[in-house]
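S.K.: one predicted model, sequence on top.
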Amino acid sequence: MSGLSGFAELLDSLSFTAGRNARLKLMADWLRDTPDPDRGWGLAALTGGLSLPGVKPALIRGLIEERVDPMLFRLSYDYVGDLAETVSLLWEGKPEADPPGLAEVVERLRSLSRSEAPAALSALLDRLDATGRYALLKLATGNLRVGAGARLARVAFAQAFGVSPDDVEELWHGVEPPYAELFAWGEGRGPRPDLAALPLFRPFMLAHPLEDPEALDVAAYAAEWKWDGIRAMAVRVNGQVRLYSRDGNDISATFPEIATALQTDAVIDGELLVRGEGAVGSFNALQQRLGRKTVSAAMQAQYPVLLRCYDLLFDGAEDVRELPLGQRRARLTQVVERLDPTRFDLSPDLHAETLEDLARLRAEPPDPAIEGLMLKRRDSSYSAGRRAGLWYKWKRPPLTADCVLMYAQRGHGKRSSFYSDFTFGAWSADGQLLPVGKAYFGFTDAELKWLDQWVRTHTTARFGPVREVEKQLVLEVAFDSIGPSSRHKSGLAMRFPRISRIRTDKPAAEADRVETLQSLAKMADTA
């Protein structure tokens, strides 16, 4: 089955298929069997590369509320948990015997202005059956939630055509949907795209958590600090400069001073950090700039950033990724010496001869912005992804706090029938319970079922998809750090919160206080 119906069938199958290999096969089969350009647009949707700015979820909600009773829609959406699925089932149209195909729909949606979008989207929905409407709305919102992320979809492409996943990652950010030249290369109908003259993203080398420190051959590994910033790659080729995030997004406009300051052709792997007074700024300070398309001069001055350089992938036009770490490090040192020291510096080597030395460093870092240690084999090449035994991260134990469950919200996709998103709080000095974070992972499937049932039997109020609950259940929350936040009444926000334990043994009145968490935030906030 091809076209929109075939894409809808793929999405449906992915949603109900367990196991990475099974999902890979579903996508690989679909990519092989679907013709151009439909498969290219479908692949763009699966990888988050399809931009349809004229269509927003609010528009879709407005259209359906013109067709059916708004309360019926809201109740249905609350129960189903997925906007595309809800609207596709409620919409009453007149499906055509020969409906538009996937490529036709995408081309139409891409050409729409916001003023044209309501009428055009309504007309398309009228021409499709429920299956086609579901695929259309998934494409339009980009909110697939089918258990197959961008990386997995690219691996599926490699599997479908028997090419290297690393090659696909290398080429990916230099090609555009619907990826005709990429498919031609994959199928052997065309050459490998030549993108050497472009400032491309290269896949990062990643680290495994160090599970067994006692088994580590300390002498074989170099040690560095693991900083609490965001991983970034600075790329300059033929005078063209790009700054990429870990997932390959171009963040040059968010941190223009880094892009401007890279005055030599190179590809550098590092960590973006805010420069504080005598130390590195907190992640909360860096977060003020994340996600912004433009950054004012005032914000650049208030939150100045630098790239702490970890590794070198290209030295000029020379690919040095196959060189051992020690040689890459020597070249990186020479490159960084030529750059603006206020924008680029070198991640220092740490001296450690024994595991006890490493443990001491990990336990007593010199800066609150340090999360732990990075351990890298001295003879390792720079290889995309996580490679066993080459790089390890040995993070400090997470912080924990006992918090009280306040609100719960239904999840999406497979979790749409469960209350799986939990907001929790701590006690203020005057006895109020104030929100300090929200978590939707960390618990087992069995614990999720228990929490869902607890929410249903202890609900005190409902606000659309959100339930307020009795302030009785204590959750032990683990988090990497905590900092000031203007978005919460408590004035605090946790970084990477997850539920580590359900504390049925602890009375809610004995949960942690906001002032306790504030003391942790003050220790970490050096910006």
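M.R.: Received, thanks. Numbering: from 1, shown residues only.

S.K.: so which strand or helix has the residue of the chain most remote from its centre?
M.R.: Here the centre of the chain is the reference, and by Cα atoms, centre = their mean the most remote residue is Ala97, at 40.0 Å. Counting by DSSP states H and E, there is no helix or strand that carries Ala97.

S.K.: repeat for Leu26
M.R.: Under the criterion DSSP H and E, the helix or strand holding Leu26 is helix 20-33.

S.K.: show me what that helix is packed against.
M.R.: For helix 20-33, the contact count by 3 or more Cβ pairs under 8 Å, 6 or more residues apart in numbering; DSSP states H and E identifies helix 3-15, helix 38-46, helix 150-161 as packing neighbours. C-beta: built from backbone N, CA, C; applies to glycine.

S.K.: what's the average pLDDT for the longest one?
M.R.: Here the mean pLDDT over helix 3-15 is 84, rounded to a whole number.

S.K.: what's the answer for the second one, then?
M.R.: Per-residue pLDDT over helix 38-46 has a mean of 91.

S.K.: following that helix, which helix or strand comes up?
M.R.: Per DSSP H and E, helix 38-46 leads on to helix 57-67 as the next helix or strand towards the C-terminus.

S.K.: going by neighbour count, which residues of that next one are buried?
M.R.: By 16 or more other Cβ atoms under 10 Å, the buried positions in helix 57-67 come out as Leu59, Ile60, Arg61, Leu63, Ile64.

S.K.: show me where the stretch 201-350 of the chain has its strands.
M.R.: Listed in chain order, the strands found in the stretch 201-350 of the chain under DSSP state E, counting those that start in this stretch are 205-206, 208-209, 221-227, 230-237, 240-245, 266-274, 305-315, 318-319, 344-346.

S.K.: okay if I get the ones you listed as CSV plus mean pLDDT?
M.R.: Output for the strands of the stretch 201-350 of the chain, formatted as CSV (pLDDT from 0 to 100):
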stretch, mean pLDDT
strand 205-206, 94
strand 208-209, 94
strand 221-227, 96
strand 230-237, 96
strand 240-245, 94
strand 266-274, 96
strand 305-315, 97
strand 318-319, 96
strand 344-346, 96
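
S.K.: shaky segments in the stretch 1-150 of the chain?
M.R.: For the stretch 1-150 of the chain, the stretches with pLDDT under 70 are 1-2, 143-148.

S.K.: at 90 instead, please
M.R.: Scanning the stretch 1-150 of the chain for pLDDT under 90 picks out 1-20, 45-57, 74-85, 93-117, 128-132, 134-150.

S.K.: dump the C-alpha coordinates for the one helix or strand Arg133 maps to into CSV.
M.R.: When secondary structure is defined by DSSP H and E, Arg133 falls within helix 130-141. Once non-C-alpha atoms are left out, helix 130-141 reads as follows in CSV (Å, rounded to 0.1, in the frame of the first residue of the first chain):
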residue,chain,number,x,y,z
ALA,A,130,-10.1,8.4,8.3
THR,A,131,-6.8,6.6,7.5
GLY,A,132,-5.7,9.3,5.1
ARG,A,133,-6.8,12.1,7.5
TYR,A,134,-4.7,10.5,10.2
ALA,A,135,-1.6,10.5,8.0
LEU,A,136,-2.2,14.0,6.8
LEU,A,137,-2.5,15.4,10.3
LYS,A,138,0.6,13.5,11.5
LEU,A,139,2.5,15.0,8.6
ALA,A,140,1.1,18.5,9.3
THR,A,141,1.9,18.6,13.0
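
S.K.: can you list the residues that contact the helix holding Leu26?
M.R.: Contact partners of helix 20-33, identified using Cβ atoms under 8 Å, 6 or more residues apart in numbering, comprise 2, 6-7, 10, 13-14, 17, 39, 42-43, 46, 147-148, 152-153, 155-157, 159-161.

S.K.: still on that earlier bit, ok, which of the strands of the stretch 201-350 of the chain comes nearest Gln327?
M.R.: strand 305-315 (9.4 Å; Cβ to Cβ).

S.K.: partners of the closest one, with directions?
M.R.: Strand pairing for strand 305-315, determined by DSSP bridges: strand 266-274 (antiparallel), strand 318-319 (antiparallel), strand 344-346 (parallel).

S.K.: out of these, which one sits most buried?
M.R.: Among these, strand 266-274 has the highest mean neighbour count (mean count of other Cβ atoms under 10 Å), at a mean of 24.

S.K.: now that strand - C-alpha only, PDB.
M.R.: Extracted C-alpha coordinates of strand 266-274, given in PDB (Å, rounded to 0.1, in the frame of the first residue of the first chain):
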ATOM      1  CA  ALA A 266      38.300  23.000  11.300                       C
ATOM      2  CA  VAL A 267      35.600  20.700  12.800                       C
ATOM      3  CA  ILE A 268      35.700  20.900  16.700                       C
ATOM      4  CA  ASP A 269      33.700  18.900  19.200                       C
ATOM      5  CA  GLY A 270      33.100  20.700  22.500                       C
ATOM      6  CA  GLU A 271      30.700  21.900  25.200                       C
ATOM      7  CA  LEU A 272      28.900  25.300  25.100                       C
ATOM      8  CA  LEU A 273      29.100  27.000  28.500                       C
ATOM      9  CA  VAL A 274      28.300  30.400  29.900                       C
END
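
S.K.: now that strand against strand 240-245, angle please.
M.R.: Strand 266-274 and strand 240-245 meet at an angle of 50 degrees, taking axes from the mean of the first three to the mean of the last three Cα atoms, to 10 degrees as the criterion.

S.K.: just give me the neighbour total for the nearest residue to Leu102 once chain neighbours are set aside.
M.R.: Nearest residue to Leu102, sequence neighbours excluded (Cβ to Cβ, 6 or more residues apart in numbering): Asp38, at 4.3 Å. When neighbours are defined as other Cβ atoms under 10 Å, Asp38 has 22 of them.
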